[in-house]
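Peer 1: my questions concern the predicted model and sequence given below.
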Amino acid sequence: MAKYLKHWKVFLTIVFGALTLATFAAPVKWSPDFFAPFNLYRLAVMLIFVILILSSKEFLKPFQSVKFLKFLRFFKFRRDLFTSFKKSMAEAPRSAKILSIAVPLVVLICVMIQVLWPEFAAWLIRCDRKSECGLNFRHAIFVKVAFQLVAAVIFATFLYKFAKKKQLLPAVASFLLIFVLIMMAGEELSWGQRIFGWETPADYAQINKQGETNLHNLATNLFQNTLYFGGWLLLVALPFFRDNLKKFLAKFKSISFLGEWIPPAYFILIFAAIYGLVDPIVAPGTGVRFSSILFTILGTAAILIYLIIPARKQLAERVSFTLGVFAIALFFNLLVPDMWDVNAGTPTEYLETFISFGIMWWAIDLRRRLFSISQRDH
């Protein structure tokens, strides 16, 4: 028994991680009161999970720990996590450094438009009345699809190259990603209905939340949580733990290639701010609507604060800028529901567009890195 008690943090981390995932699909009707019992329970579960994952030696080996704040002795700062991030920023290509300023800046502009002119903010990304919108009718959907299809084409080139070299598992991984991206694009377009405008069969329309020929509106909560959490894992969480994950994957020769597929740590500065673009607290019947969004808010804040403590000079300015934009976006999105009142689907439409762009940029960045590695090997 004593042997297992030594790893109590690992056990608790697994338990609270499972509970966090359970809240993503829990069939509970959210209360419009953010302080309703269910909202408080899921907030407490997620906070405990974030604290455990960032403070557990077992989960963050072989990092050495030092105390960074006297009044928070429970927390341990893993210096190697920051060292990996700092190294990644130093090695980032110029395009990534530009995006680390440009993407948060665009997020900030979106928030300013949303606050100052919510009608235009809604029209800009999700104009629902075709007679009034013209070419702007739900055009964000087509922007997202374009990003997803570009990524699919890039992974198709990977599939061809890996298949030609008879590298089976990388080829399978590429194929699966192509399949997921095509599914995402198809769902965005309701498999062509948004272009050709056909009628949804009556029986299917009755079970589809929006009366469309797609799958995601059969279980909106599940699909939305998967998209938001999956995007956050890819663009923020996995880059944060990249070096540690690479060391772990290197122990398994057949899947060690996946370590190189994890986005570099500098992705955090590019995409963390987008997770301030959420639905407001007062959204009817929802609280903070999706549990995955509540968790990504907590996780993003924890990671950025974690990085800013040891940062110095220009790197500190970069992290501060991303953290600042994230905080501003979060404040206004949670507390100013004007754009939600104009069009209830608009706030997270911005988030989904940025996630789709992030997926495309991941594919582009991965192609650059894999190509350079291939060139060096020759």
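Peer 2: Great, that's in hand. Residues are numbered from 1 along each chain as shown.
Peer 1: distance check, residue 13 against residue 313.
Peer 2: Plainly put, residue 13 is 34 Å away from residue 313 if you go by C-beta to C-beta, to the nearest Å. Every residue, glycine included, has its C-beta placed from N, CA and C.
Peer 1: pLDDT-wise, which helix or strand of the protein ranks last?
Peer 2: Least confident helix or strand of the chain, by mean pLDDT, DSSP states H and E, is strand 65-66 with a mean of 38.
Peer 1: about what we covered before: neighbour count: residue 13 and residue 313, which is higher?
Peer 2: Comparing residue 13 with residue 313 by neighbour count (other C-beta atoms under 10 Å), the higher total belongs to residue 13, at 20 against 7.
Peer 1: surely that one meets residue 54?
Peer 2: No. Between residue 13 and residue 54 there is no contact under C-beta atoms under 8 Å: 10.0 Å.
Peer 1: name the nearest residue to residue 357, ignoring sequence neighbours.
Peer 2: Distance criterion C-beta to C-beta, 6 or more residues apart in numbering; nearest residue to residue 357, sequence neighbours excluded, is residue 147 at 5.2 Å.
Peer 1: one more: residue 259?
Peer 2: residue 246 (3.5 Å).
Peer 1: for the helix or strand the one you found falls within, list every residue counted as buried.
Peer 2: Using DSSP states H and E, the element containing residue 246 is helix 242-249. For helix 242-249, a neighbour-count test (16 or more other C-beta atoms under 10 Å) marks 242, 243, 244, 246, 249 as buried.
Peer 1: coming back round to it: roughly how far does the residue nearest to residue 259 sit from residue 236?
Peer 2: For residue 246, the distance to residue 236 - C-beta to C-beta - is 17 Å.
Peer 1: can you check residue 355 too?
Peer 2: For residue 355, the distance to residue 236 (C-beta to C-beta) stands at 11 Å.
Peer 1: and if you look at residue 46?
Peer 2: From residue 46 to residue 236 the distance is 15 Å (C-beta to C-beta).
Peer 1: how about residue 149?
Peer 2: Taking C-beta to C-beta, one finds residue 149 at 24 Å from residue 236.
Peer 1: which of these two has more residues huddled nearby?
Peer 2: The residue with more neighbours, out of residue 149 and residue 236, is residue 236; 24 against 16, by other C-beta under 10 Å.
Peer 1: looks to me like that one is in a helix.
Peer 2: Yes. Secondary structure of residue 236 (DSSP: H, G, I helix; E, B strand; the rest coil): part of a helix.
Peer 1: for the protein, which helix is longest?
Peer 2: Using DSSP state H to define each element, the chain has its longest helix at helix 346-377.
Peer 1: residue 171 contacts residue 159, doesn't it?
Peer 2: Yes. Judged on C-beta under 8 Å, residue 171 makes contact with residue 159 at a distance of 5.6 Å.
Peer 1: ok so, going back, turn the buried residues of helix 242-249 into a markdown table, columns for pLDDT and distance to residue 122.
Peer 2: Shown next, in a markdown table, are the buried residues of helix 242-249 (pLDDT from 0 to 100; distance: C-beta to C-beta, whole Å):
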| residue | pLDDT | distance to residue 122 |
| --- | --- | --- |
| 242 | 89 | 37 |
| 243 | 85 | 41 |
| 244 | 83 | 41 |
| 246 | 87 | 42 |
| 249 | 85 | 43 |
